[in-house]
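Enquirer: just a sequence and a predicted model for now, questions to come.
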Amino acid sequence: MSTLDPSCLAVRPWLTVVGIGEDGLAGLGDEAKRAIAAAATVFGGERHLDLAAPLIAGKPVRWPVPFDAAVQAVVDGRGTPTVVLASGDPFFFGVGVTLSRRIAIAEMRVMPAPSSFSLAAARLGWALQDVTTVSLHGRPLDLIRPHLQPGARLLALTSDGDGPAALAALLTATGFGRSMLTVLEALGGSEERVTHGPAGSFALTNVNALNLCAIEVVADAEARVLPRAAGLDDGLFEHDGQITKSEVRAITLSALQPRRGELLWDIGAGSGSIGIEWMLADVANRAIAIEQHGERSQRIRRNAVAFGVPGLVLVEGVAPAALTGLPTPDAIFIGGGGSEAGVFDAAVAALKPGGRLVANGVTLEMEALLLAAHQRLGGNLIRIDIARASPVGGMTGWRPAMPVTQWRWVKPS
């Protein structure tokens with residue numbers, strides 16, 4: 001059980017973060033109203049400041065751009081009674097998370113209002129704990145793709161009035177056009193509007209910039225549904241044959257053992273399949289794909305978008321030089337180019353203590369390198385032999401794939 005640092009108990013909160021809804025002052029408690037009235041400075045968006053204007057006696061400050069400067073402006077007021085106005089719950093895809101990276105929670109009082117997700121669930125009668133919530137505000141719409149599972153209920157916050165139409169277009173293009181799309185606008189305010197309809201026939205106009213989309217997912221037969229297990233079908237990826245095949249990929253991901261928030265280097269990424277599936281294992285996971293071929297690099301970018309992990313970082317260059325300056329990885333996969341001079345040793349050196357390194361070899365040269373690594377460093381060697389049934393004349397027989405030698409190693413702490 002953790003306890004607060006005793007030194008924090010002596011800190012007096014000077015910053016109050018107040019969640020405010022579209023109902024403005026009417027939705028605030030007395031304590032929040034007193035904090036706003038007593039603040040020397042009140043930060044917020046233009047809409048927030050307008051809603052709270054009758055109570056603001058101090059200096060109202062509209063958020064500057066870029067937002068990093070805004071956070072610094074709040075920090076500069078340390079010790080002076082300050083209020084930050086936020087939409088709904090400041091710690092649910094909100095400004096509270098950003099502020100807490102610079103300001104200790106002991107220095108804050110936080111007074112949340114219902115989030116737009118809570119309000120949407122209340123309007124729809126959905127159990128919020130059973131719903132997937134996604135923020136697409138200022139983020140790529142493609143992040144919704146892994147969550148498009150038949151029968152799922154999703155709540156997605158969009159960036160502006162064009163967001164619902166763009167989301168409907170993405171759903172339709174990927175085979176989910178029959179999904180019921182509900183657009184909830186200006187929840188809690190006088191301009192609240194709730195509109196239902198299939199994504200494939202979306203025709204709503206003049207959508208309020210403050211909106212949230214609810215999706216009841218229905219998949220057509222050809223819909224691009226991404227399975228939850230490792231070893232996705234090769235046909236889902238765009239590739240030129242340079243891809244870790246599905247069965248071997250499943251074994252490789254199992255060996256890499258993805259854990260939440262970890263960083264993977266995928267050296268010789270080919271189609272990007274290993275890095276993509278690593279990121280699909282958890283929304284907090286990160287991956288860097290290192291690929292020297294320009295055409296394959298473009299495929300990796302397209303695959304990352306198609307699988308809903310546009311945050312995959314691509315480094316186009318030749319290892320080991322391309323590895324210089326990259327953040328320290330928790331795990332490394334070497335799939336291509338591992339037998340090139342210096343690549344293997346650079347990967348071993350870069351891996352953090354306790355990190356995992358998995359390398360696959362199909363050539364004799366790479367196999368020799370892995371055998372030598374096993375003799376020198378230890379770890380585990382396995383051989384993966386896959387055969388697939390295929391026509392042999394008028395009958396069917398087994399056609400073996402090239403065997404794969406796989407070395408797995410955990411760097412000593």
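Expert: Nice, thanks for sending it over. No experiment lies behind these values; they were computed from the predicted model shown. Numbering: from 1, shown residues only.
Enquirer: would you mind checking the average pLDDT for stretch 11-24?
Expert: Averaged across stretch 11-24, pLDDT comes to 93.
Enquirer: quick one: end-to-end length of that stretch, please.
Expert: End-to-end distance for stretch 11-24: 30 Å, by C-alpha to C-alpha, to the nearest Å.
Enquirer: may I see the buried residues of it?
Expert: 13-22, 24 (16 or more other C-beta atoms under 10 Å). Yep, even glycine has a C-beta here, placed from its N, CA and C like the rest.
Enquirer: of all the residues you listed, which two lie farthest apart?
Expert: W14 and E22 (28.0 Å; C-beta to C-beta).
Enquirer: if we can go back for a sec, which one of the buried residues of stretch 11-24 sits closest to V194?
Expert: Nearest to V194 out of these is E22 (C-beta to C-beta; 13.4 Å).
Enquirer: that closest one falls within a helix, correct?
Expert: No - with DSSP: H, G, I helix; E, B strand; the rest coil as the criterion, E22 is located in coil rather than a helix.
Enquirer: my read: T98 touches Q72, true?
Expert: No - assessed by C-beta atoms under 8 Å, T98 is found out of contact with Q72, at 11.4 Å.
Enquirer: please enumerate the strands of the stretch 151-300 of the chain.
Expert: 153-157, 180-185, 193-198, 211-216, 263-267, 286-291 (DSSP state E, counting those that start in this stretch).
Enquirer: who wins for proximity to S246 among these?
Expert: strand 263-267 (16.4 Å).
Enquirer: dump the C-alpha coordinates for that closest one into PDB.
Expert: Presented in PDB, the C-alpha positions along strand 263-267 are these (Å, rounded to 0.1, in the frame of the first residue of the first chain):
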ATOM      1  CA  LEU A 263       9.000   0.100 -26.800                       C
ATOM      2  CA  LEU A 264      10.000  -2.300 -29.500                       C
ATOM      3  CA  TRP A 265      12.700  -1.900 -32.200                       C
ATOM      4  CA  ASP A 266      11.700  -3.900 -35.300                       C
ATOM      5  CA  ILE A 267      15.000  -4.100 -37.300                       C
END
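Enquirer: quick one: strands adjacent to that strand?
Expert: strand 286-291 (parallel), strand 331-334 (parallel) (DSSP bridges).
Enquirer: CSV for these, including mean neighbour count and mean pLDDT?
Expert: Formatted as CSV, the strands paired with strand 263-267 follow (neighbours: other C-beta atoms under 10 Å; pLDDT from 0 to 100):
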stretch, mean neighbour count, mean pLDDT
strand 286-291, 26, 98
strand 331-334, 26, 98
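Enquirer: pick out whichever of T98 and Q72 has more residues nearby.
Expert: Applying other C-beta atoms under 10 Å to T98 and Q72 shows that T98 carries more neighbours, namely 17 against 11.
Enquirer: dump the residue contacts of the residue nearest to that one when sequence neighbours are not counted.
Expert: In this structure, T98 finds its nearest non-sequential neighbour in V71, 6.1 Å apart by C-beta to C-beta, 6 or more residues apart in numbering. Contacts for V71 were tallied using C-beta atoms under 8 Å, 6 or more residues apart in numbering; they are 98-99, 102.
Enquirer: now do F176
Expert: F176 neighbours (C-beta under 8 Å, 6+ apart): 148, 199, 217-220, 223.
Enquirer: nearest to A230, of those residues?
Expert: For those, the nearest to A230 is L148 (18.6 Å; C-beta to C-beta).
Enquirer: thought the closest one was touching E216?
Expert: No - contact status for L148 versus E216: not in contact, 11.3 Å apart, counting by C-beta under 8 Å.
Enquirer: out of the two, which sits in the busier spot?
Expert: A count of neighbours by other C-beta under 10 Å puts L148 above the other of L148 and E216, at 24 against 17.
Enquirer: and the pLDDT for that one?
Expert: L148 carries a pLDDT value of 97.
Enquirer: can you list phi and psi of it for me?
Expert: Per-residue torsions, L148: phi -80, psi 80 (degrees, to the nearest 10).
Enquirer: next one: it from G294, what distance?
Expert: For L148, the distance to G294 equals 31 Å [C-beta to C-beta, to the nearest Å].
Enquirer: circling back: distance to D30 for the strands paired with strand 263-267 - can I get that in a markdown table?
Expert: Output for those, formatted as a markdown table (distance: least, C-beta to C-beta, whole Å):
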| stretch | distance to D30 |
| --- | --- |
| strand 286-291 | 44 |
| strand 331-334 | 52 |
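Enquirer: all helices for the stretch 151-300 of the chain, in order.
Expert: All helices of the stretch 151-300 of the chain, identified by DSSP state H, counting those that start in this stretch, fall at 163-173, 246-256, 273-280, 294-306.
Enquirer: deepest of those, which one?
Expert: Per residue and on average, the most neighbours among those fall to helix 273-280, with a mean of 26 (mean count of other C-beta atoms under 10 Å).
Enquirer: pLDDT of that one, averaged?
Expert: The average pLDDT for helix 273-280 rounds to 98.
Enquirer: tell me the helices and strands packed up against it.
Expert: Under the contact criterion of 3 or more C-beta pairs under 8 Å, 6 or more residues apart in numbering; DSSP states H and E, helix 273-280 touches helix 246-256, strand 263-267, strand 286-291, helix 294-306, strand 331-334.
Enquirer: can you pull the contacts of R109?
Expert: Neighbour list for R109: 13, 15-17, 35 [criterion: C-beta under 8 Å, 6+ apart].
Enquirer: ok, now with 7 Å
Expert: By C-beta atoms under 7 Å, 6 or more residues apart in numbering, the residues touching R109 are 13, 16.
Enquirer: and the helix or strand hosting L51, which residues are buried?
Expert: According to DSSP states H and E, L51 maps onto helix 46-52. Residues 47-49, 51-52 are the ones in helix 46-52 that count as buried (16+ other C-beta under 10 Å).
Enquirer: noted, bye for now.
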